[in-house]
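>>> generate coordinates for the sequence data below:
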Amino acid sequence: MDIVYVKGLEVETVIGIYDWERRIRQRVVLDLEMGTDIRAAAASEDIEQTLNYKTVSKRLAAFIGESEFQLVETMAESIAELVLREFPVPWLRLRLGKPGAVTGAEDVGVIIERGARP
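Take a look at the predicted model:
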């Protein structure tokens, strides 16, 4: 299996459980690895034959930017479900971080894998 990835996608969103967090927008950062087969695209050099990382990124930025989740866990599950449903991806690994959420830590968040690796 080949992997198409997006690293460091930053999006401003409403995320958090505290009242003050519900009134502001905070930055989340995601890294996404998606299992795919790039051979058809490589052979044809046809963008329609590939998993287009720009299309995936734009879709995720819109989804996250419009969302209002309380937990990063819920956001991560929703992102994974969206990718698996809307794109030809049998497997993914998602790292979702909330920088600045814990004093003294550069970043905190979750890493999940969903789908089946062929």
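>>> residue 2 - how many residues pack around it?
12 (other CB atoms under 10 Å). Placement of C-beta: from N, CA and C, glycine included.
>>> all strands of this structure, in order?
Assigned strands in the chain, in chain order: 2-15, 26-36, 68-69, 91-97, 109-115 (criterion: DSSP state E).
>>> turn the ones you listed into TSV, columns for distance to residue 78 and mean pLDDT.
Below are the strands of the chain laid out as TSV (distance: least, CB to CB, whole Å; pLDDT from 0 to 100):
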stretch	distance to residue 78	mean pLDDT
strand 2-15	12	98
strand 26-36	12	98
strand 68-69	7	98
strand 91-97	10	98
strand 109-115	11	97
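>>> output those strands as JSON lines; include the columns distance to residue 81.
Listed next are the strands of the chain as JSON lines, based on distance: least, CB to CB, whole Å:
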{"stretch": "strand 2-15", "distance to residue 81": "17"}
{"stretch": "strand 26-36", "distance to residue 81": "13"}
{"stretch": "strand 68-69", "distance to residue 81": "13"}
{"stretch": "strand 91-97", "distance to residue 81": "10"}
{"stretch": "strand 109-115", "distance to residue 81": "8"}
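>>> so which of the ones you listed is nearest residue 83?
Nearest to residue 83, of all the strands of the chain, is strand 91-97, at 5.6 Å by CB to CB.
>>> and for the closest one, what's in contact with it?
Strand 91-97 is contacted by residues 1, 28-35, 72, 75-76, 79-80, 83-84, 107-118 when judged by CB atoms under 8 Å, 6 or more residues apart in numbering.
>>> what pairs with it, parallel or antiparallel?
Strand 91-97 has the following strand partners under DSSP bridges: strand 26-36 (antiparallel), strand 109-115 (antiparallel).
>>> any chance of those strands in TSV, plus mean neighbour count?
Shown next, in TSV, are those (neighbours: other CB atoms under 10 Å):
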stretch	mean neighbour count
strand 26-36	19
strand 109-115	15
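>>> next up, the contacts around residue 83.
Residue 83 is in contact with 32, 34, 56, 60, 89, 92, 94, counting by CB under 8 Å, 6+ apart.
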